[in-house]
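[1] need a structure here:
(one chain, ligands or ions: 2)
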Amino acid sequence: MSQTFLQEERYRIAEQLVNVSQNFANKGWFPATSGNLSVKLSHEPLTFGVTASGKDKEYLTIHDILFVDGDSKALEATQLKPSAETLVHAEVYKRIGAEAGSVLHVHTIYNNLISEIFAEQGSVVISDMELIKGLNIWEEGATIEIPIVENFADIPKLADEIGKRLDPRVPGVLIRKHGIYAWGDSVASAKRHVQAFEFMFEYLFKYLQFQRSAGEVPAAVGNLR
Ligand SMILES: CSC[C@@H](O)[C@@H](O)C(=O)COP(=O)(O)O
Ligand SMILES: [Zn+2]
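    Ligands and ions are numbered 1, 2, ... in the order given. Purely as a prediction, here's the structure:
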């Protein structure tokens, strides 16, 4: 592969991350420089583009994305420091394989609320919602179970805990009072998955709130049935 072709390919995929970053930033899904994004360049050996640590995602440019190997080491000398959570991205790529072409991480109010409300159960179950199809699950009356892991400041430990809970059918994992990691075979499908999850988390939280204010026992939605 020529250097020029490789450079063009890197710019092309970095641009996809910049676009999704702006879309999510407009929704307020990257408060206070939180969140990180990656896109796979090659599977064997694993190489991927990932956002540099501490960047304001609202103003992300292709120059804020660096390319690393499976050990989170930059492929070339750079001033940029890879995301502090790069190991989590690498873990998803290694465990999920070809079905993971991009990994996106956002911190939102609703994913934080749901991760806390259902933390003791270790997962949140969502049934029979149209948006489950947004995850590419087309079964009639489908049920999904989204794992919830504890948050650890120790990133190798966090990556390990996430790795143990990954379910290839359900492309996302919640971290308690932290955020969600979701993946897809492309940046576009990972973005769709994040949007589907966030819709369902917001719906579930508001539904539980509504039931509570009406003094009713929540019906068959989520783990509170
Ligand atoms: C600024 S708080 C969020 C960070 O601690 C972390 O969880 C995060 O999502 C962003 O880390 P980063 O190193 O910028 O990729
Ligand atoms: Zn984070």
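
[2] wait, does the helix or strand bottoming out on mean pLDDT in the chain contact ligand 1?
    Of all the helices and strands that make up the chain, the one with the lowest confidence by mean pLDDT, DSSP states H and E is helix 3-26; it has a mean of 94. No - Helix 3-26 is not in contact with ligand 1 by Cβ under 6 Å from any ligand atom; minimum separation 11.6 Å. For the C-beta atoms, the positions are set from N, CA and C on the backbone; glycine is no exception.

[3] and the longest helix along the chain, does that touch ligand 1?
    Here the longest helix in the chain is taken by residue count, with DSSP state H as the criterion, and it is helix 187-213. No - Helix 187-213 stays clear of ligand 1 (Cβ under 6 Å from any ligand atom), getting no nearer than 13.6 Å.

[4] Can you get me the centre-to-centre distance for that helix and its chain?
    For helix 187-213, the distance between its averaged C-alpha position and the chain's averaged C-alpha position is 14 Å (Cα atoms, centre = their mean, to the nearest Å).

[5] show me what contacts the closest residue to Ala196 other than its chain neighbours?
    In space, and not counting its chain neighbours, Ala196 is closest to Gly134: 3.1 Å by Cβ to Cβ, 6 or more residues apart in numbering. Under the criterion of Cβ atoms under 8 Å, 6 or more residues apart in numbering, the contact list for Gly134 reads Arg192, His193, Gln195, Ala196, Phe199.

[6] would you turn those into TSV with distance to Glu130?
    Conversion of those to TSV gives the following (distance: Cβ to Cβ, whole Å):
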residue	distance to Glu130
Arg192	14
His193	15
Gln195	13
Ala196	10
Phe199	10
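
[7] Nearest to Val170, out of those residues: which one, please.
    Using Cβ to Cβ, the shortest approach to Val170 within these belongs to His193, at 9.3 Å.

[8] so how many other residues sit close to that closest one?
    By the measure other Cβ atoms under 10 Å, the count of residues near His193 is 22.

[9] Was I right to think it contacts Arg169?
    No - if you go by Cβ atoms under 8 Å, His193 and Arg169 don't touch, sitting 11.9 Å apart.

[10] Need the residues touching each of those two.
    With Cβ under 8 Å, 6+ apart applied, the contact sets of His193 and Arg169 do not overlap.

[11] what comes up buried for stretch 207-216?
    Counting neighbours by 16 or more other Cβ atoms under 10 Å, one finds that the buried residues in stretch 207-216 are Leu208.

[12] Which residues of the protein lie near ligand 1?
    Where the chain comes near ligand 1, counting by Cβ under 6 Å from any ligand atom, the residues are Ala32, Thr33, Ser34, Gly35, Asn36, Thr51, Ser53, Gly54, Ser83, Ala84, Glu85, His105.

[13] Buried only: go through the residues you listed for me.
    In terms of neighbour count (16+ other Cβ under 10 Å), the buried residues within the residues of the chain next to ligand 1 are Gly35, Asn36, Thr51, Ser53, Ser83, Glu85, His105.

[14] Dump those to JSON lines, plus secondary structure and pLDDT.
    Converted to JSON lines, those look like this (DSSP: H, G, I helix; E, B strand; the rest coil; pLDDT from 0 to 100):
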{"residue": "Gly35", "secondary structure": "coil", "pLDDT": "98"}
{"residue": "Asn36", "secondary structure": "strand", "pLDDT": "98"}
{"residue": "Thr51", "secondary structure": "strand", "pLDDT": "98"}
{"residue": "Ser53", "secondary structure": "coil", "pLDDT": "98"}
{"residue": "Ser83", "secondary structure": "coil", "pLDDT": "98"}
{"residue": "Glu85", "secondary structure": "coil", "pLDDT": "98"}
{"residue": "His105", "secondary structure": "strand", "pLDDT": "99"}
